[in-house]
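Peer 1: just the structure for this:
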Amino acid sequence: MGNGHRKVRGVAARAGGWSARHRWAAVGIWVLFVALAMGLGSAAGTVEVKDSEQLKGETQTAARIIEDAGIEEPAGETVLIQSRDGSLTATDAPFRAAVDAVTSAVEATGEVTGITSPYDTGTVSEDGRSALVQFDMRGDSDTAGERVQPVLDAVGKVQSEHGSLRIEEIGGASMMKTFDDAFGDDFKQAEYSAVPVALGILLIAFGALVAALVPVLLAITAIMATMGLMGLVSHLMPMSDTANSVMLLVGLAVGVDYCLFYLRREREERQAGRDARRALEIAAATSGRAIVVSGVTVCVAMAGMLFTGIAEFEAMGLASLIVVAVAMVGSVTVLPAVLSLLGERVEKGRVPFLRRRSTAGNSGSRFWSAVLKGVLARPVVSVVVAVGALLAVAAPAVGMKTQELTLDQEFGDSLPIVQTYERVNEAFPGGSEPAEVVVKAPDINAPEVRSALAEFRERAVGSGASRGPVEIKVHDEHNIAFVYVPLVGGSDLDEAGASLDILRDEVRPATLGAVDGVEAPVTGQVAGSKDFSDQLLGSVVPVFVFVIVFAFVLMLLSFRSLTVALTSIVLNLLSVGAAYGILVAVFQHGWGASLVGAEGVGAIVSWLPLFLFVILFGLSMDYHVFVVSRIREARLRGRTTKDAITHGVVTTAGVVTSAAVIMVAVFAIFGTLSMQSMKQMGVGLAAAVLIDATIIRGVLLPAVMALLGERNWYFPKWLRRLPDLTHDETPEEPGGDRPTREEGQRVGV
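Peer 2: Residues are numbered from 1 along each chain as shown. Next up, the predicted model:
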């Protein structure tokens, strides 16, 4: 046979071979799978995460009490009426007229209930120049943001009639609308931009429209199938909008990357003179194997989120795991079938001026060849310089501060409601987001309970935790009371957190806690942020240990080398550390924040460090597995370790660069969004991938492997009983230069 044919072993090689021989069956099964997943998922619907499932601790206890009682807490709204120049006070006639006008206008909309006047509730600031009209939105609080616009319009009309006063609305519904509008617009922008950007980069990488479309289409179908599967899985583990957004991000990145790895290897083998079947065979056994190893490693990393105990993280982890698994399966099954069907037509739609570059790509990268020549000539210097640079970049991470971002931190001064939020907090510290004490008793009207509630109100103010007014709402039929306590500190979460501690640790035990049978968990924005951070901190060690240990084991089994497994973990940790350092420098300290259109907000959003660790640790394995697999393949073919390193890095430079550029571009889109948390995520991911694909894979990995030499393949005898997952190597060529069995044993076969 012209190019020889040998039976190859391994899941990826067998799957690729079967798909290439049964092309229409493979494509049909994939299309059927995607259609069934979407259809069944749509029919089943998606179960969203409930408030009572979000967190552990007091926040969850409070949500459970409210949910069990069947109480639907309405979305509360507040209208700030404030003298612009300080000349008017709440006792002046124009001020009173404005209060009456606001009350009448919002009531006339028919969308509100429970309107209260500041003159009845005492919600007038100490200087007398600000007052609050408060009310609740009718209907379900979860959808109040969709119905608040007529109320906002009514308040806006009153404002136009009272120019000497500032009349502005803020509250649960109006903030929900603001957030949803910004979040929705942001993600529409990201979703509309990501696919064209990826397609454009692939077009440059391949120089042909059909070749560029294949990875994008496969990634999109993987995402579509995952969306359906998420609906089914949500009945066992509830999902969320955030999980869906993360799934889209990860799915596009890994889906395109996996196809890119496979397609570039197949084209490389075709350019080397092998026939279509042989090229697919080799691509399946090499790049296919790398995809499986990388995909399983990424799935394991994503599974680490399941150890947090936080419903939002569990949803993100499971959604990411599913989309990676689907993309991995699609890449090693339907992709070979599509390539087999297309044949030479994969080169259709060529871009003329990219033809020479594309066809010459097999010779390797001139740039990385030059870099590698210097690295291998002075490996010690390269390691010292690269590690020193990464540690310097990572250094700011030592002082990392995490917290849930407040509204002004999240959006800056770009939105009018943020300015209202700041004014309310200045005039009524903590008034815009008070702590909420959910009091449950056998008899909420019992004398001892009523007395404890009254004493709690007094001590909350007397202790310095609140300046009042403390509001109590009693639900007699449910034996539950809600106590709303504006915390001293307002939007300053550190100071507000100290007030919360006084409320929980001093005021409550001395009052409500002294009455038998009374539960009084404290919830609210500040309490939720604290409980979230505490739970997240407690899950860091288990998640880190799980991800690192399982990634180490997978690398050990996949490469049969203790050294490769250890260096993989260390290099990935350096990459993650550098990403942390960049995040802290830019977003916490504000160094160069304006360069990425961001602000130094003094903190990193609390969920991001753990999220980044899991995502980056998984995604960085894409490049590592791909490059090391190529190095090991060259070593198995008889090259010296140094030659194998050169061959592996240079021949993979093009595909790794293309894959990295796609990931960086997609992630960088999120860095352009208006929300600071999305900016932080986008910049963190983009920076880490860029570092990983350049300094780590292009400099540090080859330098370390050059220093280690034959010790790269060290595999102790006592470990040789472990399962051997290295069998998907390149099929033996007739008369090829594969080493003897004895030589193979020295490199870990």
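
Peer 1: C-alpha from now on. contacts and neighbour counts both.
Peer 2: OK.

Peer 1: buried stuff in the particular helix or strand that has A665 in it?
Peer 2: Taking DSSP states H and E as the definition, A665 sits inside helix 641-671. In terms of neighbour count (16 or more other C-alpha atoms under 10 Å), helix 641-671 has its buried residues at 641-642, 644-671.

Peer 1: state the next helix or strand along the chain beyond that helix.
Peer 2: With DSSP H and E, the next secondary element past helix 641-671 is helix 676-691.

Peer 1: between that next one and helix 641-671, how many degrees?
Peer 2: 160 degrees (axes from the mean of the first three to the mean of the last three C-alpha atoms, to 10 degrees).

Peer 1: isn't R450 up against I444?
Peer 2: Yes. Taking contacts as C-alpha atoms under 8 Å, R450 lies within contact range of I444: 7.2 Å.

Peer 1: show me where the stretch 201-350 of the chain has helices.
Peer 2: 209-233, 241-271, 276-285, 287-303, 311-342 (DSSP state H, counting those that start in this stretch).

Peer 1: put the alpha carbons of the third one into CSV.
Peer 2: In this case it means helix 276-285. Backbone C-alpha positions of helix 276-285 (Å, rounded to 0.1, in the frame of the first residue of the first chain) are rendered in CSV as follows:
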residue,chain,number,x,y,z
ALA,A,276,-6.3,11.0,2.8
ARG,A,277,-7.0,7.8,4.8
ARG,A,278,-3.5,7.6,6.2
ALA,A,279,-3.5,11.3,7.1
LEU,A,280,-6.7,10.9,9.0
GLU,A,281,-5.4,7.8,10.7
ILE,A,282,-2.3,9.6,12.0
ALA,A,283,-4.3,12.7,13.0
ALA,A,284,-6.7,10.4,15.0
ALA,A,285,-3.8,8.6,16.8
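
Peer 1: so what secondary structure elements neighbour it?
Peer 2: Counting by 3 or more C-alpha pairs under 8 Å, 6 or more residues apart in numbering; DSSP states H and E, the packing neighbours recorded for helix 276-285 are helix 11-21, helix 241-271, helix 311-342.

Peer 1: pLDDT of the first one, averaged?
Peer 2: Averaging the model's pLDDT scores along helix 11-21 yields 84.

Peer 1: next: stretch 393-400.
Peer 2: pLDDT averaged over stretch 393-400 gives 91.

Peer 1: all further residue positions should be reported with the first residue as 46.
Peer 2: Right, with 46 as the first residue, what we last looked at is stretch 438-445.

Peer 1: out of the helices of the stretch 246-395 of the chain, which comes closest to V484?
Peer 2: helix 356-387 (24.7 Å; C-alpha to C-alpha).

Peer 1: check the offset of the closest one from the chain's centre.
Peer 2: 18 Å (C-alpha atoms, centre = their mean, to the nearest Å).

Peer 1: can you check stretch 319-327 too?
Peer 2: That offset, for stretch 319-327, works out to 38 Å (C-alpha atoms, centre = their mean).

Peer 1: next: stretch 540-557.
Peer 2: 33 Å.

Peer 1: which positions in it come out as buried?
Peer 2: A541, G542, S544, L545, I547, L548, R549, V552, R553, T556, L557.

Peer 1: cool, stretch 422-437 as well?
Peer 2: Result for stretch 422-437 [16+ other C-alpha under 10 Å]: buried residues P424, V425, S427, V428, A431, V432, L435, L436.

Peer 1: quick one, strands of this protein?
Peer 2: Counting by DSSP state E, one finds strands in the chain at the ranges 121-128, 157-161, 175-182, 210-216, 447-448, 480-485, 516-520, 525-530, 567-568, 649-650.

Peer 1: isn't F180 right up against V147?
Peer 2: No. Counting by C-alpha under 8 Å, F180 stays clear of V147, with 11.0 Å between them.

Peer 1: those two: who's more crowded?
Peer 2: More crowded of F180 and V147, by other C-alpha atoms under 10 Å: V147, with 25 against 22.

Peer 1: quick check: pLDDT value at A486.
Peer 2: 91.

Peer 1: show me what contacts F632?
Peer 2: The neighbourhood of F632, defined by C-alpha atoms under 8 Å, 6 or more residues apart in numbering, consists of A638, A643, E644, G645, V646, G647, A648, I649, Q725.

Peer 1: residues in contact with the residue nearest to S175 when sequence neighbours are not counted?
Peer 2: With sequence-adjacent residues excluded and distances taken as C-alpha to C-alpha, 6 or more residues apart in numbering, S175 is closest to Q127, at 4.3 Å. By C-alpha under 8 Å, 6+ apart, Q127 lies in contact with R174, S175, A176, L210, R211, I212.

Peer 1: name the member of the residues you listed with the most neighbours.
Peer 2: A176 (29 neighbours).

Peer 1: who are the contact partners of that one?
Peer 2: L125, I126, Q127, A135, P163, T168, V169, S170.

Peer 1: name the nearest of those residues relative to L607.
Peer 2: L125 (64.8 Å).

Peer 1: contacting residues around that closest one?
Peer 2: S175, A176, L177, V178, R211, I212, E213, E214, I215, T465, V469.

Peer 1: repeat the analysis, applying 7 Å as the threshold.
Peer 2: The neighbours of L125, taking C-alpha atoms under 7 Å, 6 or more residues apart in numbering as the test, are S175, A176, L177, V178, I212, E213, E214, V469.

Peer 1: what is the burial count for the closest residue to the second one other than its chain neighbours?
Peer 2: What it means is A176. Leaving out its chain neighbours, the residue that sits closest to A176 by C-alpha to C-alpha, 6+ apart is V169, at 4.4 Å. For V169, the count of nearby residues is 24 (other C-alpha under 10 Å).

Peer 1: same question, G155
Peer 2: Neighbours of G155 under the rule other C-alpha under 10 Å: 12.

Peer 1: V200 versus that one, what's the distance?
Peer 2: Separation of G155 from V200 (C-alpha to C-alpha, to the nearest Å) stands at 14 Å.

Peer 1: where does pLDDT dip in the stretch 546-695 of the chain?
Peer 2: 642-643 (pLDDT under 70).

Peer 1: wait, I meant the stretch 46-195 of the chain
Peer 2: 46-55, 95-100.

Peer 1: ok, 50 please
Peer 2: 46-53 (pLDDT under 50).

Peer 1: show me where it has its helices.
Peer 2: Secondary structure of the stretch 46-195 of the chain (DSSP H, counting those that start in this stretch): helices at 56-66, 68-89, 96-99, 102-114, 138-153, 163-166, 194-206.
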